[in-house]
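Participant: coords please:
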Amino acid sequence: MDKNKLTKYITLLLYIMYAFSAVIVIKEKEVINIIIIVFCVAATIALVIINKKNKKLLSDNLYIVSALFIMISSLLGSCYNFYDISHYDDFLHVWSGLISCTVAFSLITFFYNENQLKDLNKVFLIIFLFMFSMGVASLWEIAEFFLDTYFGMNMQVGGLKDTIIDMIDALVGTVIMIPFIIKNKK
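Facilitator: Below you'll find the model as predicted:
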């Protein structure tokens with residue numbers, strides 16, 4: 001099966017899951033979960049548009065991984081309480097480190113042509129990938145703090161300890177991904 005068909009099937013499956021979940025949460029009158037599902041659908045639509053308009057920026061592989069991440073983290077994690085599963089949050093933060101690193105490299109390949117990419121200093125590339133990925137992780141933790149503080153949510157269940165563990169998880173994902181990107185840089 002080619003990537004384009006796989007992308008379409010996964011997108012269709014995600015929309016079906018979101019629709020099914022929306023029916024359930026509307027029936028149960030779970031307002032916050034309705035908002036989460038609307039976010040999931042909007043984020044998936046945005047990814048579809050970016051993927052269709054610019055595969056160099058958001059390849060089919062990156063689209064699939066990102067769209068699944070949104071579903072697994074937001075829908076399953078928040079609406080279906082998967083965050084209650086031990087280390088589920090750790091898994092997602094490691095995965096976010098992998099994705100953030102890949103997004104950073106996609107940005108590099110978007111702005112540089114093949115010749116420039118070949119000449120790109122490896123040390124610079126490693127530093128950029130690392131800093132970008134860890135920057136995304138820190139912005140996420142700031143968002144969690146903001147939501148907890150001003151909207152009464154409970155995203156940072158373990159407080160500072162949770163934040164640091166989440167950052168370490170993202171670091172692990174980043175450190176795992178950087179060698180793959182450097183090795184396969186084309």
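Participant: Per the annotation, how does the chain divide into domains?
Facilitator: If you go by automatic domain parsing, the domain ranges for the chain are 1-80, 86-186.
Participant: As JSON lines, the ones you listed with mean neighbour count and mean pLDDT would be great.
Facilitator: C-beta here means a position set from N, CA and C on the backbone, and glycine is covered the same way. Shown next, in JSON lines, are these (neighbours: other CB atoms under 10 Å; pLDDT from 0 to 100):
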{"stretch": "domain 1-80", "mean neighbour count": "15", "mean pLDDT": "93"}
{"stretch": "domain 86-186", "mean neighbour count": "15", "mean pLDDT": "91"}
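Participant: which ones are touching the nearest residue to residue 71 once chain neighbours are set aside?
Facilitator: Using CB to CB, 6 or more residues apart in numbering and skipping the chain neighbours, the partner closest in space to residue 71 is residue 14 (5.6 Å). Shown in contact with residue 14 (CB atoms under 8 Å, 6 or more residues apart in numbering): 40, 44, 67-68, 71.
Participant: Just the C-alpha atoms of stretch 117-136, please, in PDB.
Facilitator: Extracted in PDB, the C-alpha atoms of stretch 117-136 (Å, rounded to 0.1, in the frame of the first residue of the first chain):
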ATOM      1  CA  LEU A 117      21.800  20.500   3.300                       C
ATOM      2  CA  LYS A 118      24.900  18.400   2.300                       C
ATOM      3  CA  ASP A 119      27.200  21.300   3.400                       C
ATOM      4  CA  LEU A 120      25.300  21.900   6.700                       C
ATOM      5  CA  ASN A 121      27.600  21.600   9.700                       C
ATOM      6  CA  LYS A 122      26.700  18.400  11.700                       C
ATOM      7  CA  VAL A 123      27.500  20.100  15.000                       C
ATOM      8  CA  PHE A 124      25.100  23.000  14.100                       C
ATOM      9  CA  LEU A 125      22.400  20.400  13.000                       C
ATOM     10  CA  ILE A 126      22.800  18.500  16.300                       C
ATOM     11  CA  ILE A 127      22.500  21.600  18.400                       C
ATOM     12  CA  PHE A 128      19.500  22.900  16.400                       C
ATOM     13  CA  LEU A 129      17.700  19.500  16.600                       C
ATOM     14  CA  PHE A 130      18.400  19.300  20.400                       C
ATOM     15  CA  MET A 131      17.400  22.900  21.200                       C
ATOM     16  CA  PHE A 132      14.300  22.900  19.100                       C
ATOM     17  CA  SER A 133      13.000  19.600  20.600                       C
ATOM     18  CA  MET A 134      13.800  20.600  24.100                       C
ATOM     19  CA  GLY A 135      12.200  24.000  23.500                       C
ATOM     20  CA  VAL A 136       9.000  22.400  22.400                       C
END
